[in-house]
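K.L.:
Provided below for reference: sequence and predicted model.
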Amino acid sequence: MLRKVKKYLKGNLSQDGAGVKLRRMFGYHDLNEFDPFLLLDFFDSTDPADYLKGFPWHPHRGIETITYLIEGEIDHGDSLGNKGAIKSGQCQWMKAGSGIIHQELPQESNLMLGVQVWLNLAADDKMSKPEYGDLSADKITTYQDSKKTVHILAGEFANQKGPIQREKTNPTFLDVELTAESEFNYQLPAEQQVFAFLIRGKANFEVNSEKFVEKPTIVLYESGTEIKVKTAEEKARFFLIAGQKLAEPVAWGGPIVMNSREELVIASRELDNNSFIKTEAELD
């Protein structure tokens, strides 16, 4: 059954970190509609003043953060001792779990184009061991034919699997480049939450209509088993993102997302008394 479009969202201009200008496509007020995804921030700027202030040291707990760059560079470091850079065509997929403190510092470039997505963790995974990983371009599975190029960060496309696999949220993250006069088809479980995010060009996400949308647009789908996207005279680039709904209570306090207000109070207290970062022994 072909999925129908539930709604289109254009997002809102916003600032975060130390003053980074971005477009928040969805967030706190959209929780029920995007479960298990919490937030999507879009970066698309040719002006370094929009992003150079960066995101200084800050904590996360209870979520996974996915930072994916089409163009640009972001230096980063964290409380696990990791440091490095995310560059064009690369991704950092970080499971904050029980707690991590990190910083993200965009570097000057001709174009900063990318997203950060927050993926919720199931209740019994929120205090799990943090996991950190950079996905260089060679680690991201790519499918290509005459009509499309599909970068598979998570999930599966055309019998090829991406490097990120999760059992409970079962995420799919595809970066699709579609040529003009082309069609993209994708099958997925009816119960999963699915949305597309058009970042370049024009595309039609309702094949039975003549409605073509322009970037930046979030396309939120209703239930169904098949997605169809087509282009006309203009090529398009979009992300297709899906996941298994958790249907659990959400208590959201800034960069920390738990299941109850009490858990947020505990996290705040631990940040104050320097016990937020858990040892190996505490996590066993």
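P.N.:
Sure, I can see it.
K.L.:
now the strands for the stretch 101-250 of the chain?
P.N.:
112-120, 134-135, 141-144, 148-154, 156-157, 160-161, 172-178, 183-187, 193-203, 213-214, 217-221, 226-230, 236-243 (DSSP state E, counting those that start in this stretch).
K.L.:
Quick check: which of those is nearest to Lys278?
P.N.:
Closest to Lys278 of these is strand 112-120 (Cβ to Cβ; 19.5 Å). The way it works is simple: take the backbone N, C-alpha and C, and place the C-beta from them, glycine included.
K.L.:
Show me what that closest one is packed against.
P.N.:
For strand 112-120, the packing partners by 3 or more Cβ pairs under 8 Å, 6 or more residues apart in numbering; DSSP states H and E come out as strand 37-45, strand 63-71, strand 193-203, strand 236-243.
K.L.:
Please identify the deepest-packed of those strands.
P.N.:
strand 236-243 (a mean of 24; mean count of other Cβ atoms under 10 Å).
K.L.:
can the strands of the stretch 101-250 of the chain go into TSV with extra columns for distance to Leu9?
P.N.:
Conversion of the strands of the stretch 101-250 of the chain to TSV gives the following (distance: least, Cβ to Cβ, whole Å):
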stretch	distance to Leu9
strand 112-120	14
strand 134-135	27
strand 141-144	28
strand 148-154	22
strand 156-157	24
strand 160-161	29
strand 172-178	18
strand 183-187	20
strand 193-203	9
strand 213-214	11
strand 217-221	4
strand 226-230	17
strand 236-243	13
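K.L.:
Which one of the helices and strands packed on strand 112-120 lies nearest to Lys230?
P.N.:
Taking the helices and strands packed on strand 112-120 one by one with Cβ to Cβ, strand 193-203 is closest: 6.9 Å.
K.L.:
now that closest one, how far from the chain's geometric center?
P.N.:
Strand 193-203 sits 13 Å away from the centroid of its parent chain (Cα atoms, centre = their mean, to the nearest Å).
K.L.:
Can you give the strand pairings for that strand, parallel or anti for each?
P.N.:
Partners of strand 193-203 in the sheet, by DSSP bridges, are strand 213-214 (antiparallel), strand 217-221 (antiparallel), strand 236-243 (antiparallel).
K.L.:
Same list, those, but as CSV with mean pLDDT and distance to Asn12 please.
P.N.:
Listed next are those as CSV, based on pLDDT from 0 to 100; distance: least, Cβ to Cβ, whole Å:
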stretch, mean pLDDT, distance to Asn12
strand 213-214, 96, 17
strand 217-221, 98, 12
strand 236-243, 98, 19
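K.L.:
And the strands of the stretch 101-250 of the chain: which comes nearest Met258?
P.N.:
With respect to Met258, and counting by Cβ to Cβ, the nearest of those is strand 112-120 at 10.0 Å.
K.L.:
contact partners of that closest one?
P.N.:
35-46, 48, 50-51, 62-72, 106, 169, 171, 173, 197, 199, 239, 241, 243, 246, 248, 250, 257 (Cβ atoms under 8 Å, 6 or more residues apart in numbering).
K.L.:
Okay, angle between it and strand 236-243 too, please.
P.N.:
Strand 112-120 runs at 10 degrees relative to strand 236-243, counting by axes from the mean of the first three to the mean of the last three Cα atoms, to 10 degrees.
K.L.:
Just the mean pLDDT for strand 112-120, thanks.
P.N.:
Regarding strand 112-120, the rounded mean pLDDT is 98.
K.L.:
still on that earlier bit, would you turn the helices and strands packed on strand 112-120 into CSV with distance to Gln92?
P.N.:
Listed next are those as CSV, based on distance: least, Cβ to Cβ, whole Å:
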stretch, distance to Gln92
strand 37-45, 14
strand 63-71, 5
strand 193-203, 18
strand 236-243, 16
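K.L.:
wait, which of those strands is closest to Leu264?
P.N.:
strand 63-71 (12.8 Å).
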